[in-house]
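1. my questions are about this predicted structure, shown below with the sequence.
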Amino acid sequence: NASSTLSSTFYLTGVPGYEEFHHWISIPFCLLYLVGVMGNCTILHVIRTDLRLHEPMYYFLAMLSLTDLGMSLSPMITLFRVLWSISREIQFNICVVQMFLIHTFSLTESSVLLAMALDRYVAICHPLRYATILTPKLIIKIGTAALLRSAILMIPPLARLAFLPFCHSHDMICLACADTQFNVLYGLVLTVMLWGLDALGILVSYCFILHSVLRISSREGRLKALNTCTSHICAVLILYVPMIGLSTVHRFAKHSSLLVYILMAHIYLMIPPVLNPIIYSVKTKQIRQGVLHLFLCPKVGSVVR
């Protein structure tokens with residue numbers, strides 16, 4: 001029943017077959033998590049402290065950094081408890097909360113990337129109306145709607161878990177001993193409808209952007225307009241390519257090694273938080289100047305400006 005399920009304890013196997021190397025495996029994971037957390041905290045600090053960055057584009061970038069932090073921090077404690085042999089047990093309710101946070105933040109990141117695509121569309125196609133369309137009030141509404149949409153959509157499949165019977169085995173692989181067709185179908189529909197619609201919205205936005213850019217007479221103007229989109233395009237690829245790979249392996253390569261599942265899952269969770277701050281720091285002049293000003297010294301920042 002539901003009460004016994006909620007009080008269940010499961011055993012996390014870590015990386016099967018490589019248990020003796022868990023401490024060594026934890027080193028690259030720890031470095032990646034540190035880079036991701038530090039990078040996104042740096043982006044948030046630069047945007048908060050530099051008044052010149054209090055614009056719609058950077059507000060959306062701050063949302064992206066917050067969702068990246070959520071994605072990276074949600075599984076971190078459990079991961080290192082297992083790899084450092086502190087504890088391999090996890091309560092069912094904690095597991096559900098962790099799953100809820102991971103999926104909610106990843107879905108929210110997709111929505112934020114869609115909002116950033118719309119931001120680039122307005123900036124390039126309607127530059128004179130940019131400030132009047134993307135007001136702070138609208139940006140707050142977009143961010144709130146993205147988070148609520150993701151959270152609400154994740155409640156049905158996770159709530160249903162409380163009513164599923166589980167095997168006596170404490171292995172986290174193949175837990176349920178009942179029909180899980182609802183969760184499978186719901187996950188497939190959610191992937192197609194939510195991720196698919198977000199991706200379609202991003203694609204349509206860039207079709208309009210490309211159409212407007214091609215109408216710019218000067219080659220320099222076209223390159224300048226497209227350059228403002230490169231960081232966002234990279235962020236989209238960084239999120240969607242691992243997600244598509246993980247979904248493909250999960251649904252169509254069920255007999256693959258467990259190591260493949262584990263690697264794909266952690267690539268999906270860690271690569272966006274690690275690479276997004278680096279890309280935006282390199283490709284976005286204002287962010288790059290803010291980072292140099294923060295980590296080197298004010299004089300170096302002023303020279304770069």
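-> Received the coordinates, thanks. Numbers count the residues shown, from 1 in each chain.
2. please count neighbours and contacts with C-alpha atoms only from this point.
-> Noted.
3. so which strand or helix has the residue nearest to Ala235 when sequence neighbours are not counted?
-> Counting by Cα to Cα, 6 or more residues apart in numbering, Asn276 is the residue found nearest to Ala235 once chain neighbours are left out, at 6.0 Å. Using DSSP states H and E, Asn276 sits within helix 258-283.
4. again with Thr230
-> helix 219-252.
5. how about that helix: buried residues?
-> Across helix 219-252, burial judged by 16 or more other Cα atoms under 10 Å covers 222, 225, 228-229, 231-232, 235-236, 238-240, 242-243, 246-247, 249-250.
6. repeat that for stretch 89-99.
-> 89-90, 92, 95-96, 98.
7. what ranges does this protein have for its strands?
-> 9-11, 89-91 (DSSP state E).
8. may I have stretch 33-44 exported as PDB, CA atoms only?
-> Once non-C-alpha atoms are left out, stretch 33-44 reads as follows in PDB (Å, rounded to 0.1, in the frame of the first residue of the first chain):
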ATOM      1  CA  TYR A  33      30.100  19.800 -10.000                       C
ATOM      2  CA  LEU A  34      32.400  22.400  -8.500                       C
ATOM      3  CA  VAL A  35      33.000  24.000 -12.000                       C
ATOM      4  CA  GLY A  36      29.300  24.000 -12.600                       C
ATOM      5  CA  VAL A  37      28.300  25.500  -9.300                       C
ATOM      6  CA  MET A  38      31.100  28.100  -9.300                       C
ATOM      7  CA  GLY A  39      30.400  29.100 -12.900                       C
ATOM      8  CA  ASN A  40      26.700  29.600 -12.500                       C
ATOM      9  CA  CYS A  41      27.100  31.500  -9.200                       C
ATOM     10  CA  THR A  42      29.600  33.700 -11.000                       C
ATOM     11  CA  ILE A  43      27.200  34.500 -13.800                       C
ATOM     12  CA  LEU A  44      24.500  35.300 -11.200                       C
END
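9. and the contacts of it?
-> 62, 65-66, 68-69, 72-73, 76, 270, 273-275, 277-278, 287, 291 (Cα atoms under 8 Å, 6 or more residues apart in numbering).
10. now swap in stretch 118-133 and tell me
-> With contacts defined as Cα under 8 Å, 6+ apart, stretch 118-133 is touched by 56-57, 134, 202, 205-206, 208-209, 212-213, 225, 228-229.
11. buried ones among those?
-> By 16+ other Cα under 10 Å, the contacts of stretch 118-133 give 56-57, 134, 202, 205-206, 209, 212-213, 225, 228-229 as buried.
12. possible to save the residues you listed as TSV with distance to Ser110?
-> Output for these, formatted as TSV (distance: Cα to Cα, whole Å):
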residue	distance to Ser110
Pro56	17
Met57	16
Leu134	19
Ile202	10
Ser205	14
Tyr206	16
Ile209	19
Ser212	24
Val213	25
Ala225	23
Thr228	19
Cys229	16
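13. so which of those are in helices?
-> Of the positions in the buried ones among the contacts of stretch 118-133, 56-57, 202, 205-206, 209, 212-213, 225, 228-229 sit in helices, assigned by DSSP state H.
14. ok, so of the residues you listed, who is nearest Lys141?
-> Pro56 (12.6 Å; Cα to Cα).
15. looking at the closest one now. What's its pLDDT?
-> The per-residue pLDDT reported for Pro56 equals 92.
16. tell me the contacts of it?
-> Counting by Cα under 8 Å, 6+ apart, Pro56 touches 119, 134-136, 139.
17. mind doing that once more with 7 Å?
-> Applying Cα atoms under 7 Å, 6 or more residues apart in numbering to Pro56 gives the contacts Leu134.
18. ok, the one 3 residues further on next?
-> Applying Cα under 7 Å, 6+ apart, one finds that Tyr59 lies in contact with no residue.
19. ok, it to Ala265 distance?
-> 28 Å (Cα to Cα, to the nearest Å).
20. and what of Pro56?
-> 32 Å.
21. so where's this structure shaky on pLDDT?
-> Applying pLDDT under 70 to the chain flags residues 1-8, 162-184, 250-258, 297-305.
22. now do the helices in it.
-> For the chain, the helices defined by DSSP H cover 2-6, 22-49, 56-73, 76-83, 92-125, 130-133, 136-161, 181-190, 196-214, 219-252, 258-283, 285-295, 298-304.
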